[in-house]
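1. Quick one, structure for this:
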Amino acid sequence: MKKLYRLVLCLCGVCSAATAQEIKLEDVIEEVNPSVVSIVAENEDTQALGAGIVVDDSGYIVTNAHVTSGAQKITLTTVEDETYAAELVGADEKTDIALLKATEALELKAARFADSEEIRVGNPVFAIGNPFGLGNSVSSGIVSAKERDIEKGPYDDFIQTDAAINQGNSGGPLFNMNGEIIGMNTAIFSNDGIDAGVGFAVPSNLVRWVVEQLKNNGKVVRGWLGIGVQKIRSTDSKQKHKLIVASMAENSPAAVSGIKVGDVLEDVGGLSLKSPRRFSLEVAQTPPDTILPLIVSRDEKLLDLEVKVAAMPIAAEETKSAERADAEAAVADDFPELGIRTVFDEVNQEFLVVDVAKGSDAEAKGISIGDKFKTANNRKIFGVEDLRIKIKEAMPSGQISLQFIGEDMLDVITLKLKEQDEQN
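-> Model prediction:
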């Protein structure tokens, strides 16, 4: 059983061995410390503490959106104890990033960004923040993991670190040993709000992209295809880094391009197909009106298509169903009794096979990834729970018939049902 922890928003890089030996950490910290400010965000009832990173010599500071949410007054304090007023330029709740601008000129040097794609697990790092309102404080550790999904938002892609992060560190930088930003500290896993050695930072590449969007537009404009995808679970190495289209929004760019539910994405303009979440993130960062060449496999044939990326509609940003279209993978359900894993397409009221168990009767009968069915024992299936009921009803007979649908045909396949003790 997965142990649950309370996710706490901390409100109140690459470096060679030779380089690490040549540069003293204290010298690096002395250089970058002035690029970090403490933040107090106030409204009539509450006061939030956080940290910020100077990202532009003209006075732009990036921090977490949850630090500044609802603030009527924002105050910045430098490591030299100088205070400045700041205004909110824009915020993106989905990545928890906000951009501020000092209302008067700051004589502070902007911090440098590193390429967060280049970091490796085990790289030494240090964090600077404003824990418990104490002002600039430094902690050190390593990169514990990459690409963490902590279910905080649709675009989770966190760097995990064991560098101490506490309340008030939100919005502060995570540096490599060269003094370059590899991430922005955002959250911790903790039962009591105190650091437990499991902290999370938004990768620097995502921070930079959102900052540019907020600076230029005052909001984030995301690319959108309108599809939900699933990873193909297979021991076949040829199936790695491929995704299957499991759902699609009506009249979306994907629908217009000729993509169909059940298509396997072989290549989408060079975007990552490593995982649904990584694909969604890269689609979102693709500028609207970009034309992406596609290679999809359908019915054992490769098709060359192209899709024009659209700006994500406001409705898609605000509704759960639309967030599944690009922002999240379509939800898959296991049916071990059948030896298959499926996604239920609510629009077309049909099941899409996204995985077939090795050695199962389904595999022996020729069922494959991308196949679709909508009836069981000649009765329409109205959803996932309805299929579970129909399987349970059919269990005494030891078999169930599924009607698979193709381009121009219907095929009824009778599967042997596996009892629960056979599955263990």
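2. part of a strand, is I53?
-> Yes. The assignment for I53 is a strand, going by DSSP: H, G, I helix; E, B strand; the rest coil.
3. Is it bridged to anything, and to what?
-> V36, V62 (DSSP bridges).
4. Hmm, it is touching N64, no?
-> No. Using C-beta atoms under 8 Å, I53 makes no contact with N64, being 10.6 Å away. Heads up, the C-betas are built off the backbone N, CA and C, glycines and all.
5. which residues are in contact with both of these two?
-> Residues touching both I53 and N64 (C-beta atoms under 8 Å, 6 or more residues apart in numbering) are 171, 184.
6. What is the burial count for D27?
-> For D27, the neighbour count with other C-beta atoms under 10 Å is 9.
7. What are the phi and psi values at it?
-> Note on D27: its backbone torsions stand at phi -70, psi -40 [degrees, to the nearest 10].
8. At which residues are the helices of the stretch 51-200 of the chain located?
-> For the stretch 51-200 of the chain, the helices defined by DSSP state H, counting those that start in this stretch cover 65-68.
9. In it, where is pLDDT below threshold?
-> Scanning the stretch 51-200 of the chain with the threshold set as pLDDT under 70 gives 190-195.
10. same thing but at 90, please
-> 56-59, 103-109, 130-135, 137, 149-156, 164-169, 187-197 (pLDDT under 90).
11. now the strands for it?
-> Under the criterion DSSP state E, counting those that start in this stretch, the stretch 51-200 of the chain carries strands at the ranges 60-63, 73-77, 83-92, 97-102, 112-113, 124-129, 137-148, 158-161, 173-175, 180-189, 199-203.
12. Then the stretch 201-350 of the chain?
-> Under DSSP E, counting those that start in this stretch, the stretch 201-350 of the chain gives strands at 223-224, 227-231, 243-248, 264-268, 291-298, 301-308, 310-311, 333-335, 340-345, 350-356.
13. tell me what the first one is packed against?
-> For strand 223-224, the elements it packs on are helix 276-284, strand 310-311, judged by 3 or more C-beta pairs under 8 Å, 6 or more residues apart in numbering; DSSP states H and E.
14. tell me the mean pLDDT over it?
-> For strand 223-224, the per-residue pLDDT values average out at 94.
15. from the middle of its chain, how far away would the helix ranked longest in the chain be?
-> Using DSSP state H to define each element, the chain has its longest helix at helix 204-217. What separates the centre of helix 204-217 from the centre of its chain is 16 Å, taken as C-alpha atoms, centre = their mean, to the nearest Å.
16. Would you mark the buried spots in that helix?
-> 204-211, 213-215 (16 or more other C-beta atoms under 10 Å).
17. Which one of those is nearest to V89?
-> Distances from V89 to these, taken as C-beta to C-beta, are shortest for L214 (5.6 Å).
18. Report the contact partners of the closest one.
-> By C-beta under 8 Å, 6+ apart, the neighbours of L214 are 89-92, 97-99, 220.
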